[in-house]
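A.B. asks: Have a look; sequence and predicted model below, questions after that.
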Amino acid sequence: MPADILAMKGGAPIVCLTAYTTPIAKLVDSHCDLVLVGDSVGMVLHGLPSTLGVTMEMMILHGQAVARGLSNALMVIDMPFGSYEESPAQAFRSASRLMAETGAGAVKLEGGAHMAETIAFLTARGIPVQAHIGLTPQSVNTLGGYKVQGRGDSRARLVKDAKAVAEAGAFSVVLEKVPQGLADEITAMVAIPTVGIGAGAGCDGQVLVVDDMLGLFTDFKPKFVKRFGQLGQEAEAAVADYAAEVRERSFPAAEHSFADEVKK
Ligand SMILES: Nc1nc(=O)c2c([nH]1)NC[C@@H]1CN(c3ccc(C(=O)N[C@@H](CCC(=O)O)C(=O)O)cc3)CN21
Ligand SMILES: CC(C)C(=O)C(=O)O
Ligand SMILES: [Mg+2]
């Protein structure tokens, strides 16, 4: 429940990973407090160039798949670009649909002070909201790239954003690509847990894209990613071995094949 996450403020670090499919949800469920069906799914699984092309239909399909794999962690689902920014009413229609059709326990949306009214509108109507500030990938075109946020002039604005989403009723806030000192300051200041991605070790929790931390990609490694595995390399080596064995007819072996008659 979102209330359990809120209660972890200042306590044991909140563990969060993304998941987009049932098998990965099953794998991460018992280890995580929170599992995020991120709109990063568009870039990670569908080959989109950014998260802007992700649709409600994609989020619902992946949300349903993840829900089938979870029995422990709280499922949070990203609201896709264009599904909530226009008005609180539009956000309620989209968020209620995401929750009703997937069984998610909360939604996440990008934005600070300018989304506070929407966050208050949703929470007042039974929809727990996780906010996401700092580097908000759905705004990549106005931010001018996937850059660190909150240095220099924008520092004070980020502090205001964190306060605004907390006061609006968000049960938690994701801080993405924020300098660690600023993340520490925000964490100390707001009453809700901060979940960092590229925001230092002082946050109340951490989140990563599961494919990144598994090392499934060999071509994408932002500074904030640590590869806890090398699954991409392992997978490629396995595919190469398969191809070689097919070409030399050593696979399939007798043990993978069926006799014409079963011996009595
Ligand atoms: N696989 C994956 N992991 C993510 O963390 C992630 C996604 N996809 N897609 C949605 C957003 C986009 N995010 C991104 C995308 C790119 C960078 C990146 O390229 N960072 C570079 C520097 C780029 C720059 O400064 O312009 C880095 O080294 O951190 C970081 C986060 C985070 N999210
Ligand atoms: C990286 C996390 C915070 C996210 O928003 C996503 O996966 O879409
Ligand atoms: Mg996202």
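C.D. replies: Yes, it's here. Ligands and ions are numbered 1, 2, ... in the order given.
A.B. asks: near ligand 1, which residues of the protein?
C.D. replies: 40, 43-44, 51, 137, 145-147, 209, 211-212, 220, 222-223 (Cβ under 6 Å from any ligand atom). Where you see a C-beta, it was placed from the backbone N, CA and C, and this is true even at glycine.
A.B. asks: I'd like to know which of those are part of helices.
C.D. replies: Among the residues of the chain next to ligand 1, DSSP state H puts 43-44, 211-212 in helices.
A.B. asks: Which one of these is nearest to residue 80?
C.D. replies: residue 43 (12.4 Å; Cβ to Cβ).
A.B. asks: pretty sure the closest one contacts residue 58?
C.D. replies: No. Under the criterion of Cβ atoms under 8 Å, residue 43 is not in contact with residue 58, lying 11.6 Å apart.
A.B. asks: Can you pull the residues of the protein lying near ligand 3?
C.D. replies: Counting by Cβ under 5 Å from the ion, the positions of the chain adjacent to ligand 3 are 38-39, 78.
A.B. asks: How about residue 203, nearest residue that isn't a chain neighbour?
C.D. replies: In space, and not counting its chain neighbours, residue 203 is closest to residue 196: 3.4 Å by Cβ to Cβ, 6 or more residues apart in numbering.
A.B. asks: pLDDT score for the residue of the chain found nearest ligand 1?
C.D. replies: Nearest to ligand 1 in the chain, going by Cβ to the nearest ligand atom, is residue 222, at a distance of 3.1 Å. On pLDDT, residue 222 comes in at 93.
A.B. asks: Residue 46 too?
C.D. replies: So residue 46 comes in at 97 (pLDDT).
A.B. asks: Run through the residues that contact it.
C.D. replies: Contacts for residue 46 (Cβ atoms under 8 Å, 6 or more residues apart in numbering) come out as 54, 58.
A.B. asks: Count the residues that sit near the closest residue to ligand 2 within the chain.
C.D. replies: Closest residue of the chain to ligand 2, Cβ to the nearest ligand atom: residue 38 (2.2 Å). Neighbour count of residue 38, defined by other Cβ atoms under 10 Å: 27.
A.B. asks: doesn't residue 211 make contact with it?
C.D. replies: No. The pair residue 38 and residue 211 fails to qualify as a contact (Cβ under 8 Å) at a distance of 10.3 Å.
A.B. asks: Quick check: neighbours shared by those two?
C.D. replies: residue 18.
A.B. asks: list the contacts for residue 190?
C.D. replies: 162-163, 166, 173.
A.B. asks: and the protein, which residues reach ligand 2?
C.D. replies: Residues of the chain lying near ligand 2 (Cβ under 6 Å from any ligand atom): 18, 36, 38-40, 78, 132, 174, 197, 207, 209.
A.B. asks: could you redo the last one with a cut-off of 8 Å?
C.D. replies: Counting by Cβ under 8 Å from any ligand atom, the chain comes close to ligand 2 at 18, 36, 38-41, 44, 51, 78, 108, 110, 132, 137, 174, 176, 195, 197, 207-209.
A.B. asks: quick one on the thing from earlier: inside strands: which ones of the contacts of residue 190?
C.D. replies: residue 173 (DSSP state E).
A.B. asks: Can you lay out the contacts of residue 190 as CSV showing neighbour count?
C.D. replies: Output for the contacts of residue 190, formatted as CSV (neighbours: other Cβ atoms under 10 Å):
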residue, neighbour count
162, 29
163, 17
166, 22
173, 28
